[in-house]
Every structure is written in structure tokens, then in C-alpha cells.
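Asks: Generate coordinates for the sequence data below:
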Amino acid sequence: MSQEQRTLRRAVRQSIRFRCHAPTNMFPSAQSPQFPQAHSFGNASLTSASTVPLSPVVEGTVCQPPMITASRCNNVSAAGITRFEKEKVVYTWTVTGIKNWPEDVSSIASTSFRHPNSSEWCMVLSKKGNELHLCFWLKVSKEPAKANLKATLSLGGDEKREVYPPLYCTLKGGEKSAPKSISDTFPTTDGYRNVGDSLTFECEVEIMCIVWDELPSASALETEPGLARDFGNLLESQDFSDFILQAGDVKFKAHKAVLSTRSPVFARMLQQDMKEAQENCVYIEGVEPGVVAEALRYMYTGRAPALCNMARGLLVFADRYDLCELKSQCEVELARRLTIDNAANSAVFAVVNSCDALLKASVAFIKRHIEEVMGTTGWKNALHSDPDSVEKISQLIAARSQSKSDDDSAKKNVIGKPSDGIHWN
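Replies: Modelled structure (predicted):
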């Protein structure tokens, strides 16, 4: 055997020794020995370990490579949208008693209303001679508001007249817009006194706002409009219905689970030992089928689109089945529609159906127009048909008058007279 062959065999044995004592995934070390370059030996090839550094071997011990802790990404992915959008608030303001405007009061202000950008506004109606002027008052705002202002006057029914043409302006908190004379819209010989004793303004404040939208996450709750839509479809399809409401000759299919959830009265009615629960049917007396259909729509979706046209019927249904929110909405709608001709009837209706808000509004309206209301056919009919209710209404009017008189006396002692530009009724 030649000397060269002996050297190669020695190298092979050394390589085998290192492979037996050291792991193949050993990490680099500054003192690690390295294999010689590759050599051909017969049909085999000995690969050099010059690029695979090894840890030192101690007799009977194998050195372990250093441990590296695996890292994980803690980043949370998020997204959003920023957009410019015009947002408008519409405020309805009714002023009554215009013909009795006190001479020592130069202006009156509405209650405050808020814009979605958190600014606070109110309307101001001023009297200058025989003319009335309308303007917008920006009461509170963190930043100057660039707004488009507009106002119309309702003339009854759907007819409206523009009394404050669209005006784009920039106002700071506490500033008022330029006043506009409503007499320019209603030219009269006797000024504002021929406009009418009650004025209803519809005022608009439109501001360009910056809106930030976050994209919904997978765990976001379903939106309320989606729920209302789905429950509305359930009512329309009548799938899985298990109960019937009958009004006159019309039958409406419904679901016990929905009825009992929305109405405490239905919840008690649908107990197992009740007649309605056993027959799976209830007959609703004194309520028109159209009203029952609208009430069911409200119970399923939380909305009653036809409320303004059937407020009285819906209020009766809501009072009977303890639908508090629906009853409250009906009271507000009826209070908005008070007139001299229907005030007495509305007040009696409020007493009979335990409508505190409507009764309070009716009594206040009758007190302001006491002579006109008592001369109407509605008041005479109420005296004959329901004297007990009229007696209660009269007591409330008298009590309110006494309370108002006491308040006015106290104010005169402290202030002397009402201040200009403050709320006046």
C-alpha cells in the first residue's frame, strides 16, 4: 500500500469518528475543526466539510448547539376609510301666538338642536316694526362651521314657502347668520300680523364633514337594519307561523315567540293555561285590520311607516298590548297635529288612553287658545259625551294657569321683565 493510500484511509477514519460523535446540525463555532477538500477514492466520493463547521468534542460528551427561541408575529391587521360627506339636520320649529307678540320682546329663540358634527344650533325670530326676521344661531362649536343654511315655512298640507333662501356661510361659536325678512316672502299691508297666528318653520343645516369608517371585523354584530329586514321577511312569508290575530274578517298569521318577546300582554296570554294559547288565536276588537297589520310590522321590525296616518289606532293597540315605545311615538305625532278644532277631542282621547305626554301638550295648547277651543263643536261634543274627562282637563288647565301666574309673579320680582333674545312662549 502506498503512502498516499494510507493517508486517505486515515482521513476516512477521522471523518467517520467526527460523524459518530457530533450531530450533523451543529452550529458554527470559532474553534471548530474542518474536513479536508473532497477526494475521489475508487467509486466513492469523500465530501469536504470545510463549509460545515463542527463543535469541539470532549471525551464521552457531545456538545449541544445553542437554543434559539422561535418568534411569532404579533401584528394585527387593520383597515379604514376616510371620506368627505355632507351631513344635514332638519329641525321643525312651531311658533304660536304671533298676533299677541309682546311689545317689550324683540326676539325669541327655539330650543337647541345638534348637528352630527357636535355643533349646537338654534333658530331666532326677531320683530322689527311690523316685520319678522329669521336667522340661524350657532351656539356651540369647537371649530368654525362652514354651513349651508335654509328654511321654509309650512302653509298647511304639503305646501311650503321658502323664507330663508340657501346661504353658505362660515360661523364661529356664538355667531348668528344674516337675518332674512319673512315679510319679503309674504308682502302684506299689516306686516307680520297677517302672516298667521301660528308659524311652522322647517330649518336645514348642512355641513361637509370628515367621516372615518373602520372596515368591519369578522366578529362584528349584525346590523339592526339587517335584522329588521329579515324579521319583516319572516312576517311576510308566514313560514313556521303558529298563531293568528283576527281583526274583523281578516286573519294575520304570526309567531308566538315574537309576540311574547315584544309584548308583556301577549307573553301572559300565551301561557299554556290561557284560552288563546290553547286555541292559537286571539280576536282583536275595536281595531281596524290595517292598524293590526301596521302594529305587527312594528313588532317584527321596530318600524311603523304608516304611523302618521293611523296614529290613533296604533296608540289604542299599543296601549292595550303594552308597546311603550310605539305608544310614545304615537303621542308625539298626535301632539304635533294639535289644532283649535281637534284640541278638545285630543285631550279627551289622552285621558281615556292614559297618555300623559299627549294630555300635557293638549292642556297647554287649550290654555293658550282657551276662548277659541271652548267655542268649537269638539268642545261641546266632549262636554256631552265624556263630562268626566272634560272635568279633569278643566282642572289641569286651572292648575296650570295658577302655576303660570305664580311663576310670572316670581320672575317680575327678581328680573322685572323678560329678557330679549331668550325663549318665550
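Asks: Which parts of the protein belong to which domain?
Replies: Here the domain parsing of the chain from automatic domain parsing is 1-64, 80-214, 224-322, 338-405.
Asks: Tabulate those domains (TSV), appending distance to residue 331 and mean pLDDT.
Replies: From N, CA and C alone the C-beta is placed, and that goes for glycine too. Listed next are the domains of the chain as TSV, based on distance: least, Cβ to Cβ, whole Å; pLDDT from 0 to 100:
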stretch	distance to residue 331	mean pLDDT
domain 1-64	81	52
domain 80-214	16	86
domain 224-322	7	90
domain 338-405	4	88
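Asks: any chance of those domains in CSV, with mean neighbour count too?
Replies: Shown next, in CSV, are those (neighbours: other Cβ atoms under 10 Å):
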stretch, mean neighbour count
domain 1-64, 12
domain 80-214, 15
domain 224-322, 16
domain 338-405, 17
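Asks: can you put the ones you listed in CSV and add distance to residue 329?
Replies: Output for the domains of the chain, formatted as CSV (distance: least, Cβ to Cβ, whole Å):
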stretch, distance to residue 329
domain 1-64, 75
domain 80-214, 15
domain 224-322, 6
domain 338-405, 10
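Asks: Looking at those, spot the one closest to residue 328.
Replies: When those are compared by Cβ to Cβ, domain 338-405 sits nearest residue 328, at 7.0 Å.
Asks: quick one: residue 235 from residue 297, how far?
Replies: Going from residue 235 to residue 297 by Cβ to Cβ, to the nearest Å gives 7 Å.
Asks: same thing with residue 354?
Replies: 24 Å.
Asks: ok, now residue 204?
Replies: Applying Cβ to Cβ, the value for residue 204 to residue 297 is 30 Å.
Asks: With residue 124 instead?
Replies: Here residue 124 is placed at a distance of 40 Å from residue 297 (Cβ to Cβ).
Asks: before we move on, what about residue 308?
Replies: Counting by Cβ to Cβ - residue 308 and residue 297 are separated by 14 Å.
Asks: Partner strands of the helix or strand containing residue 92, with direction?
Replies: Assigned by DSSP states H and E, residue 92 belongs to strand 80-96. Paired strands of strand 80-96, with direction, are strand 198-214 (antiparallel) (DSSP bridges).
Asks: Extract the C-alpha set from the strand it pairs with and format it as PDB.
Replies: The C-alpha trace of strand 198-214 is given here as PDB (Å, rounded to 0.1, in the frame of the first residue of the first chain):
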ATOM      1  CA  SER A 198     -99.000  80.000  14.200                       C
ATOM      2  CA  LEU A 199     -95.900  79.600  12.100                       C
ATOM      3  CA  THR A 200     -94.100  76.300  11.500                       C
ATOM      4  CA  PHE A 201     -90.600  76.500  10.100                       C
ATOM      5  CA  GLU A 202     -88.500  73.700   8.700                       C
ATOM      6  CA  CYS A 203     -84.900  74.600   9.100                       C
ATOM      7  CA  GLU A 204     -81.900  72.800   7.500                       C
ATOM      8  CA  VAL A 205     -78.200  72.900   8.500                       C
ATOM      9  CA  GLU A 206     -75.900  71.100   6.100                       C
ATOM     10  CA  ILE A 207     -72.200  70.800   6.800                       C
ATOM     11  CA  MET A 208     -69.400  69.000   4.900                       C
ATOM     12  CA  CYS A 209     -67.900  66.600   7.500                       C
ATOM     13  CA  ILE A 210     -65.000  64.200   7.600                       C
ATOM     14  CA  VAL A 211     -66.200  60.700   8.300                       C
ATOM     15  CA  TRP A 212     -63.900  57.900   9.400                       C
ATOM     16  CA  ASP A 213     -65.100  54.300   8.700                       C
ATOM     17  CA  GLU A 214     -63.400  51.200  10.100                       C
END
